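Asker: below is the sequence, then the predicted model.
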Amino acid sequence: DGGITQSPKYLFRKEGQNVTLSCEQNLNHDAMYWYRQDPGQGLRLIYYSQIVNDFQKGDIAEGYSVSREKKESFPLTVTSAQKNPTAFYLCASSVEGTGAYEQYFGPGTRLTVT
Amino acid sequence: AQSVAQPEDQVNVAEGNPLTVKCTYSVSGNPYLFWYVQYPNRGLQFLLKYITGDNLVKGSYGFEAEFNKSQTSFHLKKPSALVSDSALYFCAVRVQPLYNFNKFYFGSGTKLNVKP
């Protein structure tokens, strides 16, 4: 899982509560990403950030928010507006640029909302 | 639109036999292609990538992949499967970008089962 940590590994919340997932990297990467993984659907991009203090919506950003105040950190908040938040969430980072840079993934956080 | 297809949800193979996990892609432009592996409740681990040049790419843990431009495929292979290879495998593509954003398109994943 490289130099990316995600916490907690498992998270349980009641419906209607906001919850924040942590992602930290020590790879000195400029770019960071949040993905959502559901069975049989592969990975879907929620948000990405190419540089500190800047981030962009991905394909499924509704009901989520992020911040990028430090290069090392890219926390994801799952808000009560997200209609189906139960999923496995993966954070990734990469070198920024136009080359064939692979993404490095954290170990993931499994969120269960009841 | 860019897309990646993994036509098999599951592949079963006996230990010691060769394995192939299929991937096809549809992109506008020249692709960078990647394979990742995921063990249960873990993140994705990078296996190998194709950039340009030799169509056969060698990667981690004895895996290799063959790029075929005419068939737009990038199949993952291993000459002799191990039980420990059992996992979920993802193919991903990134187009040599017009924009400076490292967006990946992932396939839906193929579960590889290697039986003793």
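Answerer: Nice, I can see it. Numbering: from 1, shown residues only, chains lettered A, B, ... in the order given.
Asker: give me the below-cutoff pLDDT ranges for the chain.
Answerer: Since you didn't name a chain, this refers to chain A. Segments of chain A classed as low confidence (criterion: pLDDT under 70) are A:1-2.
Asker: actually it's chain B I care about, not the one you picked
Answerer: Within chain B, the ranges that satisfy pLDDT under 70 run B:96-102.
Asker: so where do the strands sit in it?
Answerer: Secondary structure of chain B (DSSP state E): strands located at B:3-5, B:10-14, B:19-21, B:24-26, B:31-38, B:44-50, B:56-58, B:64-68, B:73-78, B:87-95, B:105-106, B:110-115.
Asker: buried ones in the last one, by neighbour count?
Answerer: Along strand B:110-115, these residues count as buried under the neighbour rule (16 or more other C-beta atoms under 10 Å in any protein chain shown): B:Thr110, B:Lys111, B:Leu112, B:Val114. Where C-beta positions appear, they are placed from N, C-alpha and C, glycine not excepted.
Asker: and the contacts of stretch B:68-81?
Answerer: With contact meaning C-beta atoms under 8 Å, 6 or more residues apart in numbering or on different chains, stretch B:68-81 is reached by B:13-26, B:33, B:35, B:47, B:50, B:55, B:61-67, B:85, B:89, B:91, B:93, B:112, B:114.
Asker: quote the end-to-end distance of that stretch.
Answerer: The stretch stretch B:68-81 measures 23 Å between its terminal residues, going by C-alpha to C-alpha, to the nearest Å.
Asker: next, the buried residues of that stretch.
Answerer: Buried positions in stretch B:68-81, judged by neighbour count with 16+ other C-beta under 10 Å: B:Thr72, B:Ser73, B:Phe74, B:His75, B:Leu76, B:Lys78, B:Ala81.
Asker: what sits against residue 86?
Answerer: Picked chain A for this. Counting by C-beta under 8 Å, 6+ apart, A:Thr86 touches A:Leu111, A:Thr112, A:Val113.
Asker: my question was about chain B, not that one.
Answerer: Taking C-beta under 8 Å, 6+ apart as the contact definition, B:Ser86 lies against B:Leu112, B:Asn113, B:Val114.
Asker: okay if I get the residues you listed as JSON lines plus distance to A:Lys57?
Answerer: Output for the contacts of B:Ser86, formatted as JSON lines (distance: C-beta to C-beta, whole Å):
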{"residue": "B:Leu112", "distance to A:Lys57": "33"}
{"residue": "B:Asn113", "distance to A:Lys57": "37"}
{"residue": "B:Val114", "distance to A:Lys57": "39"}
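Asker: what number of residues lie near the residue lying closest to B:Ser3 once chain neighbours are set aside?
Answerer: The spatial neighbour of B:Ser3 that comes closest, neighbours along the chain excluded (C-beta to C-beta, 6 or more residues apart in numbering or on different chains), is B:Ser26 at 4.9 Å. The tally of other residues near B:Ser26 (other C-beta atoms under 10 Å in any protein chain shown) stands at 13.
Asker: next: the one 4 residues further on.
Answerer: Counted with other C-beta under 10 Å, residues neighbouring B:Asn30 total 10.
Asker: so how far is B:Thr72 from it?
Answerer: Computed with C-beta to C-beta, to the nearest Å, the distance linking B:Asn30 and B:Thr72 is 12 Å.
Asker: got it, and A:Ala92?
Answerer: If you go by C-beta to C-beta, the gap between A:Ala92 and B:Thr72 works out to 25 Å.
Asker: any idea how far A:Val66 is from the residue lying farthest from the centre of chain A?
Answerer: Distance from the centre of chain A peaks at A:Gly99, with 22.3 Å (C-alpha atoms, centre = their mean). Distance from A:Gly99 to A:Val66, counting by C-beta to C-beta: 25 Å.
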